[in-house]
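Trainee: here you go, sequence then predicted model.
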Amino acid sequence: MPGAPIEQSCFWLARRQTGSRPIYEGPGEADVAVIGAGLTGLWTALFLKELDPDAEVVILEQEIAAYGASGRNAGMLSETVDHGHGLAIQHFGEAEARKLARLGEANVDETIAYLSERGIACDYEPTGRLVAALSASQVHEAQRSVATARRLGADGYRYLSREEMRAQVDSPIYFGGVEVRGGGILDPVKLVDGLMREAERVGVRIHERSRVESVRRDGAGVELRTARGRLRARRTVLATSAYTHQILPRIARRFIPLYDYILVSEPLTPAQRDAIGWRERQGVIDGRTFFNYYRLTADDRILWGTSEAVYYPGNRVDPGCDHSPAHYAALRSSFRRHFPALTSLDFPYAWGGPICSTTRLTPFFGQALGGRIVYGLGYTGHGLGTTRIAGRILAHLALDRWSDLLDLRMVRRKPFPYPPEPFRAWAVAAVTRALRRVDEGKRPSALLRLLDRFGIGFSS
Ligand SMILES: Cc1cc2nc3c(=O)[nH]c(=O)nc-3n(C[C@H](O)[C@H](O)[C@H](O)COP(=O)(O)OP(=O)(O)OC[C@H]3O[C@@H](n4cnc5c(N)ncnc54)[C@H](O)[C@@H]3O)c2cc1C
């Protein structure tokens, strides 16, 4: 239902079967308050209880669990923590990039083991993924990415020729590609619901429709205010991703909120499936900066998304950004270009969701109010896996426990800041135009070369 409220227009949320959680009624107390019931909030709460089973942990969610990106994403679980091995080398050096590559792979294995141990059914399929090259220069880039991955010890990467790529998924516009073993596809809302049940089983209290209006210092801890009460906590974790500046305005300099948009089709008929192959059901992305990402759902629909994300000036993140007819039209036409055999396919679901990006395209972590608040955000479009690592980091920070993860450069260093408004909107528009030209096969402009020299990126 394009244009409808997110609970109806987002395929995953519209099919959800779960009860609601009570509104928070104060006053109350907790050891740790977690703001946001997305994947970061839930993983953090689970790790908090693992580290300290007696800790009183309360999650406050402004709408419903999975209301943010965690319920609206494409459900492609990957080992990517660093937005790409080349980028990790550029930002953190080769030894650290190798560490991040290993961390990402282990994280996917541990996630899958956890889901199976706890009986969390979220339609997970271990499909791996494909990266499609759509031009000769992207073929070159694909071959380079395989070599870089192998150099870092990630040996699940294999270059595919045009014929091999089309034997996997039959699009006439493919020039070649990369096959990546590991990871797969899942239903993100079923994942959130499963983690939520598990969190409640170990004693975490979850409240929905309980927006935190303010967090302020209160003695050695903090006081959170919602419409219906106050909660005193020793520590607070902001698991609020692209919304974080609405609670902690000064953090806006370190990230930009961007909206990504997605379509989901009606189920394919057997003849339509045959026309495009796709027997291994891998998630697919392509090699452009503003790439399409796509996958099959459990009932054989095509989910078709674009990373050509929109920045709404003033760092807007609200329901007014949930739909973009212009993006839906562009998505339909890019789909027809990829799969001319399926031009009549209808897309009854369409929606957008807020992603949180940084200039280095990897997350960052920090503390405010003298350590009473801890935060972690900025996963770009790779949060499905990375939120679990972030949850572990945030739980250790909130309980003052040591973990090797706290020593990662990604955790110790903050990304280069973005300019404030009104320059921010202008800069994002200028960089978007320049990147679009690169995607059209033109040479990077002076602006991009300059940003590259400072290690500043822009993408969802
Ligand atoms: C369209 C789209 C496609 C994507 N595809 C993929 C993919 O295929 N693979 C992948 O790895 N990643 C993907 N991502 C990224 C991934 O979904 C996110 O990185 C991840 O879900 C972030 O989780 P989070 O819990 O940090 O944030 P969110 O899920 O956004 O959760 C933040 C929560 O905080 C709540 N909140 C905010 N303010 C308050 C407040 N004041 N009081 C109480 N609650 C508050 C919000 O309502 C929200 O529920 C995609 C994202 C989008 C938008």
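Mentor: It's in.

Trainee: any idea which element residue 237 lies in?
Mentor: Element membership for residue 237 (DSSP states H and E) is strand 229-238.

Trainee: what's the following helix or strand after that strand?
Mentor: strand 256-264.

Trainee: quick check: mean pLDDT of that following strand?
Mentor: Across strand 256-264, pLDDT averages out at 96.

Trainee: contacting residues around stretch 98-113?
Mentor: With CB atoms under 8 Å, 6 or more residues apart in numbering as the contact definition, stretch 98-113 has outside contacts at 77-82, 85, 88, 92, 124, 126, 149, 152-154, 156, 182-183, 385-386, 388-389, 408, 410. Just so you know, the C-beta spots here come from the backbone N, C-alpha and C atoms, and that holds for glycine as well.

Trainee: can you select the buried ones among the residues you listed for me in PyMOL?
Mentor: The following PyMOL line selects those of those that are buried, judged by 16 or more other CB atoms under 10 Å:
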select buried, resi 77+78+79+80+81+82+85+88+92+124+149+152+154+182+183+385+386+388+389+408+410
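
Trainee: the ligand next: which of the contacts of stretch 98-113 are close?
Mentor: Counting by CB under 6 Å from any ligand atom, the subset of the contacts of stretch 98-113 that neighbours the ligand consists of 78, 385.

Trainee: cross the contacts of stretch 98-113 against helices and list the overlap.
Mentor: The helices, defined by DSSP state H, take in 85, 88, 92, 149, 385-386, 388-389, 410 from the contacts of stretch 98-113.

Trainee: farthest pair within these?
Mentor: 149 and 388 (21.3 Å; CB to CB).

Trainee: okay, now the unreliable bits of this protein?
Mentor: 1-2, 448, 453-460 (pLDDT under 70).

Trainee: for it, give the residue positioned nearest to the ligand.
Mentor: Residue nearest to the ligand within the chain: residue 383 (1.8 Å; CB to the nearest ligand atom).

Trainee: burial count for that residue?
Mentor: As a burial measure, residue 383 scores 24 neighbours (other CB atoms under 10 Å).

Trainee: what does residue 29 give?
Mentor: Residue 29 sits with 14 neighbouring residues when counted by other CB under 10 Å.

Trainee: got a list of what it touches?
Mentor: Per CB under 8 Å, 6+ apart, neighbours of residue 29: 56, 231-233.

Trainee: and it, that's in a strand?
Mentor: Yes - under DSSP: H, G, I helix; E, B strand; the rest coil, residue 29 sits within a strand.

Trainee: start at 840 instead
Mentor: Got it, first residue is 840 now, which makes that one residue 868.

Trainee: any idea what it is bridged to?
Mentor: Bridge pairing for residue 868 (DSSP bridges) gives the partners residue 1071.

Trainee: so how far is residue 1243 from it?
Mentor: 32 Å (CB to CB, to the nearest Å).

Trainee: next: residue 991.
Mentor: On the measure of CB to CB, residue 991 and residue 1243 end up 18 Å apart.

Trainee: ok, back up a step: so which of the contacts of residue 868 wins on neighbours?
Mentor: Most surrounded of the contacts of residue 868: other CB under 10 Å gives residue 1072, at 26 neighbours.

Trainee: my read: it touches residue 897, true?
Mentor: Yes - if you go by CB atoms under 8 Å, residue 1072 and residue 897 touch, sitting 7.3 Å apart.

Trainee: where do the contact lists of the two overlap?
Mentor: Both residue 1072 and residue 897 are contacted by 869, 871-872, under the criterion CB under 8 Å, 6+ apart.

Trainee: quick one: which of these is most hemmed in?
Mentor: residue 872 (30 neighbours).

Trainee: can you tell me the SS state at that residue?
Mentor: strand.

Trainee: looking at the ones in helices among the contacts of stretch 937-952, which is nearest residue 1041?
Mentor: residue 1227 (15.9 Å).

Trainee: and that closest one, how far from residue 886?
Mentor: 9 Å.

Trainee: picking that back up, make TSV out of the contacts of residue 868 and add distance to residue 1217.
Mentor: Output for the contacts of residue 868, formatted as TSV (distance: CB to CB, whole Å):
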residue	distance to residue 1217
895	28
1070	26
1071	29
1072	24
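
Trainee: which among the residues you listed gets closest to residue 1171?
Mentor: The closest of the contacts of residue 868 to residue 1171 turns out to be residue 1070 (CB to CB; 45.4 Å).

Trainee: I figured the closest one hits residue 870, correct?
Mentor: No - checked against CB under 8 Å, the pair residue 1070 and residue 870 is beyond contact range at 11.3 Å.

Trainee: contact partners for the residue of the chain closest to the ligand?
Mentor: 878-879, 908-909, 912, 1080, 1194.

Trainee: phi, psi for the closest residue in space to residue 1211 that isn't next to it in sequence please.
Mentor: Using CB to CB, 6 or more residues apart in numbering and skipping the chain neighbours, the partner closest in space to residue 1211 is residue 1061 (4.8 Å). Dihedral angles of residue 1061 (phi, psi; degrees, to the nearest 10) stand at phi -140, psi 160.

Trainee: check the spacing between the residue nearest the centre of the chain and residue 857 real quick.
Mentor: The centroid of the chain falls nearest to residue 1222 when counting by CA atoms, centre = their mean (3.1 Å). Distance, residue 1222 to residue 857, using CB to CB: 21 Å.

Trainee: chain center to the helix ranked longest in the chain, what's the gap?
Mentor: Among the segments of the chain that qualify as a helix by DSSP H, the longest is helix 933-956. Distance, stretch centre to chain centre, for helix 933-956: 16 Å (CA atoms, centre = their mean, to the nearest Å).

Trainee: again with stretch 922-940
Mentor: From the chain centre to the centre of stretch 922-940 is a distance of 19 Å (CA atoms, centre = their mean).

Trainee: cool, stretch 1112-1121 as well?
Mentor: Distance, stretch centre to chain centre, for stretch 1112-1121: 25 Å (CA atoms, centre = their mean).

Trainee: need the CA coordinates for that stretch. CSV is fine.
Mentor: Extracted C-alpha coordinates of stretch 1112-1121, given in CSV (Å, rounded to 0.1, in the frame of the first residue of the first chain):
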residue,chain,number,x,y,z
ARG,A,1112,11.0,-17.2,-11.7
ASP,A,1113,12.3,-19.3,-14.7
ALA,A,1114,12.7,-16.2,-16.8
ILE,A,1115,15.4,-14.8,-14.4
GLY,A,1116,16.9,-18.0,-12.9
TRP,A,1117,18.0,-16.9,-9.4
ARG,A,1118,17.9,-20.5,-8.1
GLU,A,1119,20.4,-19.9,-5.3
ARG,A,1120,18.3,-16.9,-4.1
GLN,A,1121,21.3,-14.7,-3.2
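
Trainee: name the residues that touch that stretch?
Mentor: Contact with stretch 1112-1121 is made by 964, 966-969, 1005-1010, 1018, 1024, 1134-1135, 1139, 1178, 1180-1181, as judged by CB under 8 Å, 6+ apart.
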